[in-house]
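Student: Here's my sequence, what's the structure:
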Amino acid sequence: MDPKHTGDMLRHLEKQNELLMDAYRSMSHELHKLQVEEEMLMRTFYKLMETQGLTKKKQDGTDASKESEPPQSKALVTTDDVEKQ
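Tutor: Next up is the predicted model:
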């Protein structure tokens with residue numbers, strides 16, 4: 001690589017890094033919003049099932065459906081020091 005172009009290459013790579021970090025932050029934010037929305041919808045759906053009597057009750061009065069309710073998805077989201085800036 002020609003030494004006179006290293007400065008241009010460095011600026012280009014720094015700009016690319018900045019754009020990628022912006023995209024990462026945007027996608028992480030959207031993912032979080034979708035996870036919150038999913039949890040809210042699952043709770044609403046469960047309450048609807050409960051009001052329509054579709055959930056099963058054990059004889060002792062506790063909900064049997066809570067044990068058989070599918071687990072909510074928990075995505076692993078990692079952050080780094082650059083994102084917190």
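
Student: Look up how far residue 26 lies from residue 32.
Tutor: Counting by Cβ to Cβ, to the nearest Å, the separation of residue 32 from residue 26 is 11 Å. Where C-beta positions appear, they are placed from N, C-alpha and C, glycine not excepted.

Student: same deal with residue 53?
Tutor: To residue 26, residue 53 is 43 Å away according to Cβ to Cβ.

Student: How about residue 10?
Tutor: From residue 10 across to residue 26, the span is 25 Å (Cβ to Cβ).

Student: got it, and residue 55?
Tutor: Residue 55 sits 38 Å away from residue 26, going by Cβ to Cβ.

Student: quick one: which of the two has more around it?
Tutor: More crowded of residue 55 and residue 26, by other Cβ atoms under 10 Å: residue 55, with 16 against 10.

Student: Report the secondary structure state of that one.
Tutor: coil (DSSP: H, G, I helix; E, B strand; the rest coil).

Student: That one against residue 45, yeah?
Tutor: No: at 11.1 Å, residue 55 does not count as touching residue 45 under the criterion of Cβ atoms under 8 Å.

Student: what ranges of this protein fall below the confidence cut-off?
Tutor: In the predicted model of the chain, residues 1, 56-85 satisfy pLDDT under 70.

Student: which helix in it runs the most residues?
Tutor: Longest among the helix segments of the chain by residue count, using DSSP state H, is helix 6-51.

Student: Output the contacting helices and strands for it.
Tutor: Contacting helix 6-51 under the criterion 3 or more Cβ pairs under 8 Å, 6 or more residues apart in numbering; DSSP states H and E is no other helix or strand.

Student: Kindly provide the distance from residue 49 to residue 37.
Tutor: Taking Cβ to Cβ, one finds residue 49 at 19 Å from residue 37.
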